[in-house]
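Q: sharing a sequence plus its predicted fold:
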Amino acid sequence: MKAKLGMSPIAWWNDDLVELSDDVSLEECLRQSRSAGFTGMEMGRRFPADPAVMLPILKQADVTLCGGWFSGRLVDGDIAAEKDRILPMIELFKAVNAPCIVYGEIARSIQGDRTRPLATKPRLSEDEMKVYGRMLTEFGEWCAGQGMPLSYHHHMAAVVETEPELDLFMKHSGEGIPLLFDAGHMAFAGGNVLRVIDNHHSRITHVHVKDVRMGVINKLDRTRQSFLDAVALGAFTVPGDGSLDFEAIVKKFAGYGYEGWFVVEAEQDPVKSPPLKMAQIGHQELMRVMRAAGYSVLA
């Protein structure tokens, strides 16, 4: 089986907490990530939106674009408006041969609001989730029809955060909206990481190998502290530096025949956790567990 290893630039530049950003260029970010061994990078705020500009930068760094976040608003919006919003991203991602667009729901989400405690996250009734699931399926099918599939990102502080919420979303959505599995977000939400893979492996098309520091998470006061507070305190890190057993996680994926991207996404303070050093730690651990699971990692 084959796998590819990528990173997210959020280790270098945090879009929500600018104080957790390193003052490095896109080219330096790509150079550091590639020197650590990663062959892919997800899109971040310092990437150009013109493929004619982006492709030479990626080629020079010997890196491919392995995805990127789209801030969706379907839970409160309408499909026509979201099609107009995402179409330029679809065309860009097709031009640079990216595998998918990561759909993250931001409508009603409190993930970017430091004044909103974790306990105040939005919740959908089952009837609301039915409507939402149908809309996402239709939207995902349309995006795939345009030549660029989506991968749905369950996320802390959003409408699909917990394991039961993800189960309900998957129940009421269809194959037209594949799933991005994020180990760190599911662990933070109190879910059983391995059980989620068992239950939904057939729709998982993209994987974020985000690790967590459970010592930080377990001390949070969710009635007072926000998602961004947790990030600033160091809730997230790279594989090999946190609490999750990535050998078990990767072996679970191998058992279901998953082949594709495993992307390190670990937002934390670059002063306390220098991105290059963390990239090296994450890559070393991933190579260890990939070998243990029987994967051949594409260089």
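A: Sure thing, it's come through.
Q: and stretch 208-220, how far out from the chain middle?
A: 15 Å (C-alpha atoms, centre = their mean, to the nearest Å).
Q: quick one: end-to-end distance for it.
A: 23 Å (C-alpha to C-alpha, to the nearest Å).
Q: contacts for that stretch?
A: The contact list for stretch 208-220, computed with C-beta atoms under 8 Å, 6 or more residues apart in numbering, reads 8, 118, 153, 180-185, 187-188, 229-230, 233-244, 246, 249-250, 262-266, 282, 286. From N, CA and C alone the C-beta is placed, and that goes for glycine too.
Q: in strands only, show me those.
A: Among the contacts of stretch 208-220, DSSP state E puts 153, 180-182, 236-237, 262-264 in strands.
Q: ok, these vs residue 43, which is closest?
A: residue 263 (11.4 Å; C-beta to C-beta).
Q: which ones are touching that closest one?
A: 5-8, 40, 42, 66-67, 206-209.
Q: just put the residues you listed in JSON lines and tack on pLDDT and distance to residue 21.
A: Formatted as JSON lines, these follow (pLDDT from 0 to 100; distance: C-beta to C-beta, whole Å):
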{"residue": "5", "pLDDT": "98", "distance to residue 21": "23"}
{"residue": "6", "pLDDT": "98", "distance to residue 21": "20"}
{"residue": "7", "pLDDT": "98", "distance to residue 21": "15"}
{"residue": "8", "pLDDT": "96", "distance to residue 21": "13"}
{"residue": "40", "pLDDT": "98", "distance to residue 21": "21"}
{"residue": "42", "pLDDT": "98", "distance to residue 21": "16"}
{"residue": "66", "pLDDT": "98", "distance to residue 21": "21"}
{"residue": "67", "pLDDT": "98", "distance to residue 21": "20"}
{"residue": "206", "pLDDT": "98", "distance to residue 21": "24"}
{"residue": "207", "pLDDT": "98", "distance to residue 21": "25"}
{"residue": "208", "pLDDT": "98", "distance to residue 21": "20"}
{"residue": "209", "pLDDT": "98", "distance to residue 21": "22"}
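Q: now the buried members of those.
A: Among those, the ones that count as buried by 16 or more other C-beta atoms under 10 Å are 5-8, 40, 42, 66-67, 206-209.
Q: just to revisit the earlier point, switch the contacts of residue 263 over to JSON lines; also include distance to residue 27 and secondary structure.
A: Below are those laid out as JSON lines (distance: C-beta to C-beta, whole Å; DSSP: H, G, I helix; E, B strand; the rest coil):
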{"residue": "5", "distance to residue 27": "20", "secondary structure": "strand"}
{"residue": "6", "distance to residue 27": "17", "secondary structure": "strand"}
{"residue": "7", "distance to residue 27": "15", "secondary structure": "strand"}
{"residue": "8", "distance to residue 27": "17", "secondary structure": "coil"}
{"residue": "40", "distance to residue 27": "16", "secondary structure": "strand"}
{"residue": "42", "distance to residue 27": "16", "secondary structure": "strand"}
{"residue": "66", "distance to residue 27": "17", "secondary structure": "strand"}
{"residue": "67", "distance to residue 27": "20", "secondary structure": "strand"}
{"residue": "206", "distance to residue 27": "25", "secondary structure": "strand"}
{"residue": "207", "distance to residue 27": "27", "secondary structure": "strand"}
{"residue": "208", "distance to residue 27": "24", "secondary structure": "strand"}
{"residue": "209", "distance to residue 27": "25", "secondary structure": "coil"}
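Q: may I ask which of the ones in strands among the contacts of stretch 208-220 has the most neighbours?
A: Greatest neighbour count in the ones in strands among the contacts of stretch 208-220, by other C-beta atoms under 10 Å, goes to residue 264: 29 neighbours.
Q: quick check, pLDDT for it.
A: For residue 264, the model assigns a pLDDT of 98.
Q: for the residue nearest to the spatial centre of the chain, name its beta-bridge partners.
A: Centroid-nearest residue in the chain, with C-alpha atoms, centre = their mean: residue 208, separated by 5.0 Å. Beta-bridge pairing of residue 208 under DSSP bridges involves residue 182, residue 263.
Q: state the distance from it to residue 11.
A: Distance of residue 208 to residue 11, given as C-beta to C-beta, to the nearest Å: 12 Å.
Q: overlap in contacts, these two.
A: Common neighbours of residue 208 and residue 11 (C-beta under 8 Å, 6+ apart) are 264-265.
Q: return the distance of stretch 64-82 from the chain's centre.
A: With C-alpha atoms, centre = their mean, you get 13 Å for stretch 64-82.
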